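Chemist: following is a predicted model, sequence given first.
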Amino acid sequence: MKNIGAIVLISLTAQYISAQDQVTFSSAELQEISVRYSGSVLNWPVLVKLADHDIPNNTFTLTRSDIVQLQSLSDMSYEVDEQQNRLKELIATGAMVFAREELEAANQVLGVYLNHIRDGELEQALQAGIELKPAVDALDAKLSENRVIAVQAQLSKKEGKVDKRLGLLGSWLQAAVGDMLKEADGIKTYEESYASLTFTDGTKIQVSPETEATIRKSRIDKLDDSSDTEITLVDGGILAKLSAAATEKSTYVLNAGPSQSEIRSMNFYAEADGNDKASLSNYDGETVVSMDDVNVTLRKNEGTIVEEGKAPLPPVKLLPAPKIAWASMDTVLYREDVILSWLPVTDATSYHVQYSTEANFDENVSDVNTTSNSVRIENLAEGRTFARVQAIDRLGLKGPYTKSVRIIRNTDSRSPALFVDETTRSIIFTSDNTAVINGTTEPDAKLTVNGFLVAVQPSGSFTWKVSNITREKSVTLKTTDGSGNSTEKTLRVIRLTEADLYRLTANGGRITNDTFYINKQQNITVSGNAYPGLEVFVNNNGDEKRIKTDSQGRWGFTSRMKEGNVSIIFKDAFTGTSYLTKVYTVQAN
């Protein structure tokens, strides 16, 4: 059916070409004309660049020659769409682990194509499009070649002494980053050591110090590409961070102490004291904990204790994250130590402080347990240190962490610190034509934004308003200290529009205007292209999904949708700010 649709589209476009020497249209018709002549609403920048623009009337004119050129782009858009669907399927079947280099090469070609489309560069886009299929073919071949390897988890990071055991009866050997672990293999950390395991579906297991765990089961069902994973925590603690794909269709079971937990959460922590006791904390989604045919469902920020011979405790509400007693989440220091303090949490018996030079706390991690509401962090490394705190209740259950604070240790020979609030990817989003940039530098530094001098407050904070944003603006911040050292950072300020965000494709169905047409008996895969750092929230008659965009801004989900309505909301993944919401009607064919 898809090929027939492409033939019809080509035939209709040919009729337009033969019937008209030129086409004139208003800016309001740009998307419609883009679909008609170039095959996709995404290709509108090419139309704008080809067309003659009558500025007083705000109209565009395409000549017959322009339309002929756009026919090639229409054919290429169909081919690129086919290859993008192939890429999604290959990623879902393990390309990130089994063919990483080929996947990066294919994504690079696709990114070049999309960049040329965005910049209106027709010839360059066509050339990049021609190179996409061979790149995807190479990825497909490499994935088929490597899928026969019976490994499912990779030791992606480690710190300190970490050992592995190959098979249940094997000896403990020193582990190295990149080692692949399969069923019956084990991993062990020691005092002040950490490890991180990455599974084929993107799920990560962070192994705490003094922990031993065994992969009991790790399989992929080749019929539906779902994972079936079971891990036994012999002793110590692990943090399970399931990917969105894993929470959708895979089975993850964690055995800790006398308990068994089926995880449907993107953030779940377990501690085991041998076979006798387990402390379980769920920070997202839900998890079903079982022991001796007794089940307890843990929802967001709930925990339980399981002891041998006893039923699991009913769900316990975890203590809230402490409030850091600092005026700013960024602190610039010129010494090697700092006192981190927070407000006491009611009913907390102790606190756990974690700090690291890595924002995701998976390397160079230090842990401190204290009964007071402050701790001295010593021997700070130059540069950034990230710190966070969680409260622990009388049962020993650990609540959610605070938002990380950033401590910057600087010296006079180093460039001054420069941080921008509420962004992790040098991108700031806005839904209108203005945006406000807030940040922190050294209080005595001289700060310029795009060459204009900006006032810095005694705390080091500053504010700058960006105006007249039509699509995207580049903003360069430069801070210079009294010694002449300077730091420069360039930000992309992006105005999010419905036209940019809701360019959706549907595999297994179709989308026309504001309507999803579905087959009730089949899954539909909906995907789109936005920007890195966004989260997409989908609600189809109460069936909710949360999807993060990838490093290229791509996102997608697979579901058996219900008739009625589906809302799609775009939010900032870092701040949670909502930008745009659109509601579609879901209708069965």
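Modeler: Okay, I see it.

Chemist: hey, which helix is longest across the chain?
Modeler: Criterion DSSP state H: the longest helix present in the chain is helix 64-92.

Chemist: buried stuff in that helix?
Modeler: For helix 64-92, burial by neighbour count (16 or more other CB atoms under 10 Å) applies to 66-67, 69-88, 90-92. Every C-beta, even on glycine, is put in place using the N, C-alpha and C of the backbone.

Chemist: against which helices or strands is the helix or strand following that helix packed?
Modeler: Note on helix 64-92: by DSSP states H and E, the next helix or strand toward the C-terminus is helix 95-98. Under the contact criterion of 3 or more CB pairs under 8 Å, 6 or more residues apart in numbering; DSSP states H and E, helix 95-98 touches helix 100-118, helix 122-146.

Chemist: got the contact list for helix 95-98?
Modeler: With CB atoms under 8 Å, 6 or more residues apart in numbering as the test, helix 95-98 has contacts from 102-103, 139, 142-143, 146-147, 149, 154, 198, 200, 202.

Chemist: what do you get if the cut-off is 7 Å, keeping everything else the same?
Modeler: By CB atoms under 7 Å, 6 or more residues apart in numbering, the list of residues contacting helix 95-98 from outside reads 103, 139, 143, 146-147, 154, 200, 202.

Chemist: where does the stretch 201-350 of the chain have low pLDDT?
Modeler: Judged by pLDDT under 70, the stretch 201-350 of the chain has its weakly predicted residues at 221-225, 327-328.

Chemist: can you pull out the helices in it?
Modeler: Secondary structure of the stretch 201-350 of the chain, counting by DSSP state H, counting those that start in this stretch: helices at 244-249.

Chemist: would you turn the contacts of helix 95-98 into TSV with distance to residue 43 and neighbour count?
Modeler: Listed next are the contacts of helix 95-98 as TSV, based on distance: CB to CB, whole Å; neighbours: other CB atoms under 10 Å:
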residue	distance to residue 43	neighbour count
103	25	22
139	25	26
143	30	19
146	35	16
147	35	17
154	39	17
200	34	26
202	31	16
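
Chemist: before we move on, back to that, just give me the lowest mean pLDDT stretch among the helices and strands packed on helix 95-98.
Modeler: Note on those: helix 122-146 shows the lowest mean pLDDT, a mean of 88.

Chemist: run the chain-centre distance for that one.
Modeler: Centroid displacement of helix 122-146 relative to its chain, using CA atoms, centre = their mean, to the nearest Å, is 24 Å.

Chemist: contact partners of it?
Modeler: With CB under 7 Å, 6+ apart as the test, helix 122-146 has contacts from 46, 50, 69, 72-73, 76, 79-80, 83, 86-87, 90, 93-95, 98-99, 102-103, 105-106, 109-110, 112-113, 116-117.

Chemist: for residue 557, identify the helix or strand it belongs to.
Modeler: Counting by DSSP H and E, residue 557 is part of strand 554-559.

Chemist: direction included, what does that strand pair up with?
Modeler: When pairing is defined by DSSP bridges, strand 554-559 lines up against strand 524-529 (antiparallel).

Chemist: what angle separates the partner strand from helix 100-118?
Modeler: If you take axes from the mean of the first three to the mean of the last three CA atoms, to 10 degrees, strand 524-529 sits at 70 degrees to helix 100-118.

Chemist: who are the packing partners of whichever helix or strand comes after strand 524-529?
Modeler: Next helix or strand after strand 524-529 toward the C-terminus (DSSP H and E): strand 534-540. Secondary structure elements in contact with strand 534-540, counted by 3 or more CB pairs under 7 Å, 6 or more residues apart in numbering; DSSP states H and E, are strand 543-548, strand 554-559, strand 564-572.

Chemist: return the most buried member of these.
Modeler: Counting by mean count of other CB atoms under 10 Å, strand 554-559 has the highest mean neighbour count of the helices and strands packed on strand 534-540, with a mean of 20.

Chemist: what's the angle between that one and strand 543-548?
Modeler: Inter-element angle recorded for strand 554-559 and strand 543-548: 160 degrees (by the same axes, to 10 degrees).

Chemist: which residues are contacting stretch 544-558?
Modeler: Under the criterion CB under 7 Å, 6+ apart, residues 88, 107, 111, 244, 523, 525-532, 534-538, 573 lie in contact with stretch 544-558.

Chemist: give the pairing partners of the longest strand along the chain; include direction for each.
Modeler: Longest strand of the chain, by residue count under DSSP state E: strand 226-241. Strand 226-241 pairs in its sheet with strand 204-207 (antiparallel), strand 212-221 (antiparallel), strand 251-256 (parallel), strand 268-273 (antiparallel), by DSSP bridges.
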